[in-house]
Structure formats: C-alpha cells, structure tokens
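K.L.:
give me the fold of what follows.
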Amino acid sequence: MTTQYFAVPASITPRHGIQHEIGQARIVRIAWLAMRLVRRDVFRFEDYRARFGASVRTFRRDIAALRDAGVYLDAEDGAYRMVCFRPEREAA
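P.N.:
Numbering: from 1, shown residues only. All right, here's what the predicted structure looks like:
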C-alpha cells in the first residue's frame, strides 16, 4: 500500500464565500468525470453540459486536471475514454 502526502494546509476553520463554492463545484465535476472513466463509460461534452451546465472552457480545464493527475485519455470524435492510469507519475 502506498502512502500519499499532499502539500495542502489543513484548516479547522470552515471556508465561506463564492471561491469556496466554486472549488466545491469543480471537485464534484472532476469526481463525476473520474467515476465515468473508472466505469469505462465513454462520455462527450454534451453529457457533461447536460449534467452541470458548464462551458467548453470549464470542460477542458477539468479534462486537463485529470490528465495532470496521471489519467491518460483518448478523445476520438469528441468521445472521451480512459486509456490507463499511471499512479507512479510523480510531481517533479
């Protein structure tokens, strides 16, 4: 079993405001994408937009976040699917 360490400050003070809500929404969107990929579902931007009402720009940012996390995606004719996940990819 591998132990992961994240360079994120812990806080017991709840955050409030618009920035916090935006961060939560992004986490939900990326988690939704990740779950679709893990289930080997193929998804398109139209599925994402129907679920979240988000723009193409937001979709591309979320896809980029998954790729930065080590998820290899194949995009063919606008349909995305996971090729593989490489957890050994470390931040330089």
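
K.L.:
the lengthiest helix in the chain: what's the following helix or strand?
P.N.:
Looking across the chain with DSSP state H, the single longest helix is helix 18-38. For helix 18-38, the succeeding helix or strand toward the C-terminus, using DSSP states H and E, is strand 43-44.

K.L.:
so where's this protein uncertain?
P.N.:
Across the chain, the ranges flagged by pLDDT under 70 are 1-22, 85-92.

K.L.:
if we use 80, what do you get?
P.N.:
By pLDDT under 80, the low-scoring segments of the chain are 1-23, 84-92.

K.L.:
could I have the longest helix of the chain exported to PDB, CA atoms only?
P.N.:
Provided in PDB are the C-alpha atoms of helix 18-38 (Å, rounded to 0.1, in the frame of the first residue of the first chain):
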ATOM      1  CA  ILE A  18     -18.000  32.300  -3.600                       C
ATOM      2  CA  GLN A  19     -14.500  31.000  -4.100                       C
ATOM      3  CA  HIS A  20     -15.200  28.100  -1.800                       C
ATOM      4  CA  GLU A  21     -18.400  27.200  -3.600                       C
ATOM      5  CA  ILE A  22     -16.500  27.300  -7.000                       C
ATOM      6  CA  GLY A  23     -13.900  25.000  -5.600                       C
ATOM      7  CA  GLN A  24     -16.500  22.500  -4.400                       C
ATOM      8  CA  ALA A  25     -18.300  22.600  -7.700                       C
ATOM      9  CA  ARG A  26     -15.000  21.800  -9.500                       C
ATOM     10  CA  ILE A  27     -14.300  18.800  -7.200                       C
ATOM     11  CA  VAL A  28     -17.800  17.500  -7.900                       C
ATOM     12  CA  ARG A  29     -17.400  17.800 -11.700                       C
ATOM     13  CA  ILE A  30     -13.900  16.200 -11.700                       C
ATOM     14  CA  ALA A  31     -15.200  13.400  -9.400                       C
ATOM     15  CA  TRP A  32     -18.100  12.800 -11.800                       C
ATOM     16  CA  LEU A  33     -15.700  12.600 -14.700                       C
ATOM     17  CA  ALA A  34     -13.400  10.200 -12.800                       C
ATOM     18  CA  MET A  35     -16.300   7.900 -11.900                       C
ATOM     19  CA  ARG A  36     -17.400   7.700 -15.500                       C
ATOM     20  CA  LEU A  37     -13.900   6.900 -16.600                       C
ATOM     21  CA  VAL A  38     -13.500   4.200 -13.900                       C
END
